[in-house]
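Requesting a structural model of the entry that follows:
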Amino acid sequence: MKREISVEDLTIGMFVSELDRPWTDTPFAFQGFTVRTPTHIEVLRKHCRTVFIDAERGRDIDVSAKRPASTGLPAPAAPEFSIRGSAVYRELENVESEFGRAHEVYARSIAEVEELFGGIRAGGVLDGKHARDAVARMTGSLVRNPDALMLLSRLGSKAESLQERALNMSIYMTAFGRFQQLARDELELLGLLGLLQDVGKLELPDALLGKRSHLNPAEFKVAKTHVQHSVEILRRTPGLPARLPGLAALHHERQDGTGYPNSLSGAEIGLFGSMAAIVDGFDAMTMPRPYAAQLSPSQAFGVLYKLRGSAYHGALVEQFCQCIGVYPVGSTVELNTGEIGIVIAQNPQRRLKPRVMVVLDPAGQPTRPHKLLDLMKAPKASAEEPYHIRRTLEYGRVRVEPREFFL
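The predicted model follows:
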């Protein structure tokens, strides 16, 4: 049963099914969501006067009495764990000013991760201090501005090595933690988790890692052992946080208990494990894969959203989609003019209106110089129509040299 109420009467637990304006005029990525945090209510108050709630999918209220009405439905369960912290992060640099420093950090990090992983391949040990230093530098850049380093990771990565994928994961995990307002030391722990949770794959046979088709059941059984290898490597590495080995065992667990290696479910997986599962899934789906089609970011969001509550933590899926936006930084987009652009920065208040750098004209020819569009300002594509994004394309559809951006 749907009914219209004032946004002033919204409470946590309600399911908002419709707004008094188009969804595209708000920062919300999906049509229909459960109000889970005070921030949801605050944002709705900025954009709407009334909303429609669905009592069958969430909490209802008696507006006249300002108290919960009897609906015959149980009140929503309390959160299994808090998904947000209280740290406040402000954008200290814009993407243009941070890009140069981020470029240095990214280039250095690639070299450092190759050295770290090369040591393990050679039968040596992981250098814990080296790993922590690399993550601290990346965290510093992401705290100043989360877009610059994420842009570089997508422009520079072809996902052809474990090192590049590990770096992508570290950057996404840290940015996700920043969005969730987690403390600085937790951001660095998330960065280490993203960087090292798959380090056990270095212990697997090269033929298995390089296979260009689906693994058979016996091969998949071997592949799953990478989780335990990661845990063992991290346990014997000095200088790493004590929690890290246990957290590295969680990113293949699923909310409904169907994951591995321990078939954990729900709250047993915890905040960091649930975040890691979402980021790992998104990154895997949007990268070139020999065994499945590469998905565009919007297609990957659709998969995550469909599986929220079963495979992935529902509220955190919504938060992740809000974090990186419908049009993530570094994604390739087709504009209504037929031109192709790269999303270079988000507009936090209007996630559907990012900043885009046009790199190809409608005929597919490189544009020189690149044209920068801030869709928040409604630039005109013609006298009658402003620019807008028609669709997202797969990451890497257009190869762009990072030095063409601001350097």
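
Can you show me the helices along this protein?
38-47, 95-121, 128-144, 146-156, 162-179, 184-196, 206-209, 217-223, 226-235, 244-247, 270-286, 297-306, 314-324 (DSSP state H).

Tell me what angle the last one forms with helix 297-306.
Right, helix 314-324. Interaxial angle, helix 314-324 versus helix 297-306 (axes from the mean of the first three to the mean of the last three Cα atoms, to 10 degrees): 160 degrees.

Please list the outside residues in contact with helix 314-324.
With contacts defined as Cβ atoms under 8 Å, 6 or more residues apart in numbering, helix 314-324 is touched by 27-30, 33-34, 36, 79, 83-84, 150, 172, 175-176, 179-180, 255, 271, 274-275, 278-279, 282, 297, 301, 304-305, 307-308, 351. C-beta coordinates here come from the backbone N, C-alpha and C atoms, glycine included.

what separates it from the chain centre, distance-wise?
The chain centroid and the centroid of helix 314-324 are separated by 7 Å, computed with Cα atoms, centre = their mean, to the nearest Å.

Go through the helices of the chain and name the closest to His388.
The minimum distance between His388 and the helices of the chain falls on helix 297-306, with 14.4 Å, by Cβ to Cβ.

From the contact counts, what lies against the closest one?
The contact analysis (3 or more Cβ pairs under 8 Å, 6 or more residues apart in numbering; DSSP states H and E) places helix 297-306 against helix 270-286, helix 314-324, strand 389-393.

please redo it, this time with the cut-off set to 7 Å
Secondary-structure packing of helix 297-306 (3 or more Cβ pairs under 7 Å, 6 or more residues apart in numbering; DSSP states H and E): helix 270-286, helix 314-324.

Would you mark the buried spots in that helix?
297-298, 300-301, 304-305 (16 or more other Cβ atoms under 10 Å).

For Lys201, state which of the residues you listed is nearest.
Nearest to Lys201 among the buried residues of helix 297-306, with distances taken as Cβ to Cβ, is Ala300, at 21.5 Å.

Quick check: Leu240 vs Leu250, distance?
For Leu240, the distance to Leu250 (Cβ to Cβ, to the nearest Å) stands at 16 Å.

Select, out of the helices of the chain, the one closest to Asp20.
When those are compared by Cβ to Cβ, helix 38-47 sits nearest Asp20, at 9.0 Å.

and that closest one with helix 314-324, angle?
With the same axes, to 10 degrees applied, the angle from helix 38-47 to helix 314-324 works out at 50 degrees.

average pLDDT across helix 38-47?
For helix 38-47, mean pLDDT rounds to 76.

Show residues contacting stretch 369-386.
For stretch 369-386, contacts defined as Cβ atoms under 7 Å, 6 or more residues apart in numbering pick out 336-337, 347, 350, 353-359, 387-388, 404.

do that again at 8 Å, thanks
If you take Cβ under 8 Å, 6+ apart as the criterion, stretch 369-386 is touched by 335-337, 341, 344, 347, 350, 352-359, 387-389, 404.

in its sheet, what does the longest strand that the chain contains sit against?
Counting by DSSP state E, the longest strand found in the chain is strand 366-374. Applying DSSP bridges to the sheet, strand 366-374 is found paired with strand 355-360 (antiparallel).

Pro354: what's it in contact with?
Pro354 is in contact with 325, 327, 329, 343-347, 375, 389, counting by Cβ under 8 Å, 6+ apart.

so what's it scoring on pLDDT?
If you check Pro354, the pLDDT there is 92.

which phi and psi does it have?
With angles defined as degrees, to the nearest 10, Pro354 sits at phi -80, psi 180.

how close does Ala383 get to Arg235?
65 Å.

Looking at those two, which has the bigger crowd around it?
Using other Cβ atoms under 10 Å, the more surrounded residue of Ala383 and Arg235 is Arg235, with 13 against 5.

Looks like the more buried one contacts Arg243 (just checking).
No - taking contacts as Cβ atoms under 8 Å, Arg235 lies outside contact range of Arg243: 11.5 Å.

Tell me, please, where in the protein the pLDDT is lower than the cut-off.
Where the chain drops to pLDDT under 70, the residues are 1, 22-31, 37-39, 58-80, 156-160, 402-407.

Tell me how far Glu115 lies from Met287.
Noted for Glu115: a distance of 23 Å to Met287, by Cβ to Cβ.

right, I mislabeled it, should have said Leu307
As for Leu307, its distance to Met287 is 18 Å (criterion: Cβ to Cβ).

what do you get for Phe220?
With Cβ to Cβ as the criterion, Phe220 and Met287 are 19 Å apart.

More neighbours: the two, which one.
Between Phe220 and Met287, counted using other Cβ under 10 Å, Met287 has the larger neighbour count: 20 against 12.
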